[in-house]
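With the input below, show me the fold.
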Amino acid sequence: MSEHIDVQRLWRGWSRTPIHDFVEMDLVEWDQAKGTVRFSVPFKTKYRRHPKHQGYHGGVLATIVDVAADFALTLTSEHLGLPTIDLRVDYLRVAKDSGLDVVARTLKSGRTIGVADVEVFDSDARLCVVGRGTYAMISS
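Just a heads-up that it's a prediction; the model follows:
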């Protein structure tokens, strides 16, 4: 992708997809050359795993990992909206009812396959989730 890409504009377009009506992620910083991005996710009660128990639902966390990894790869490739081939998510501890800090890093941005790792931290800087996404490097 061109080094002159307007990353904020790209994210605004990206965040118009329907899943962003539910999971609201704010792009905080990025390094296009390194393929890294950081997001903040403000807590919403609709993210809870159970109405009476604190903690994010695993499906919400997996979605956050998928979006973050995909966007990190998009910054280093010529493709938009990469189809997910595989997504691995490890839940290390319950992410408490607070905002999250999400960091994604491109590992490989190849001709046919891209791979990115993601770490999700709660407001106490505790690592709660790690994930890895593998994507087809084609435009969907």
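
gap between the spatially most central residue of the chain and K52?
The residue lying closest to the centre of the chain (CA atoms, centre = their mean) is A68, at 1.6 Å. Going from A68 to K52 by CB to CB, to the nearest Å gives 29 Å. Heads up, the C-betas are built off the backbone N, CA and C, glycines and all.

for stretch 109-122, which positions count as buried?
S109, G114, V115, A116, D117, V118, E119, V120, F121, D122 (16 or more other CB atoms under 10 Å).

What lies in contact with whichever strand or helix holds the third one?
Secondary structure assigned from DSSP states H and E places V115 in strand 113-121. Residues external to strand 113-121 that are found in contact with it (CB atoms under 8 Å, 6 or more residues apart in numbering): 35, 61, 64-65, 68-70, 72-73, 76-77, 82, 85, 95, 100-108, 127-137.

next one: stretch 48-59
The contact list for stretch 48-59 (CB under 8 Å, 6+ apart) reads Y47, V89, Y91, V94, A95, K96, D97, L100.

ok, now with 10 Å
Here stretch 48-59 makes contact (CB atoms under 10 Å, 6 or more residues apart in numbering) with 23, 41, 43-47, 60-61, 63-64, 89, 91, 93-98, 100, 120, 122, 128-129.
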